[in-house]
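In: heads up, no residue letters with this:
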């Protein structure tokens with residue numbers, strides 16, 4: 001008795017030469033077309049993407065989300081720049097007058113005599129060496145006993 005495999009192979013044995021011919025034509029078409037290779041920067045980019053970013057995509061996504069939150073907070077708290085109008089600016093005469101007033105106050109502060117007298121130097125100390133002190137203390141104790 002024949003197995004189902006043998007029956008199927010016997011039925012389709014005559015189709016094998018036609019299938020081989022189709023395979024050869026497809027392989028010839030593919031081999032005649034040049035395979036486009038990516039340029040050097042593209043290969044480096046793909047390599048970096050595969051090795052650095054893709055394995056840690058959740059971490060990178062969390063970092064990107066954190067940066068988005070930081071940017072949103074930053075832009076929500078900044079105030080728009082105020083335009084300076086001609087009415088708000090001081091005239092050069094007022095600026096010059098304020099500068100002269102500051103100079104006058106500064107010269108008054110610098111030229112004021114110092115009222116405090118210089119500190120007197122402390123009296124010179126000539127303590128005896130520790131070894132002599134002990135000797136003196138012992139001699140005083142023995143003298144009183």
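Out: Noted; the coordinates are in hand. The structure presented is a predicted model; accordingly, all values stated were derived computationally and were not measured.

In: List the contacts of the helix or strand residue 65 falls within.
Out: Here residue 65, judged by DSSP states H and E, is contained in helix 57-77. Contacts of helix 57-77 with the rest of the structure, by CB atoms under 8 Å, 6 or more residues apart in numbering, involve residue 53. All C-beta atoms are positioned from the backbone trio N, CA, C, and that covers glycine.

In: Report the buried residues of it.
Out: Residues of helix 57-77 classed as buried: none (neighbour count, 16 or more other CB atoms under 10 Å).

In: Now do it, average pLDDT.
Out: Taken as a whole, helix 57-77 has an average pLDDT of 92.

In: Same check on stretch 90-106?
Out: Here the average pLDDT along stretch 90-106 is 88.

In: same thing with stretch 20-27?
Out: 92.

In: any idea how far the spatially most central residue of the chain lies from residue 30?
Out: Against the mean C-alpha coordinate of the chain, by CA atoms, centre = their mean, the closest residue is residue 67 at 12.0 Å. Spatial separation of residue 67 from residue 30 under the definition CB to CB, to the nearest Å is 45 Å.

In: Much appreciated, bye for now.
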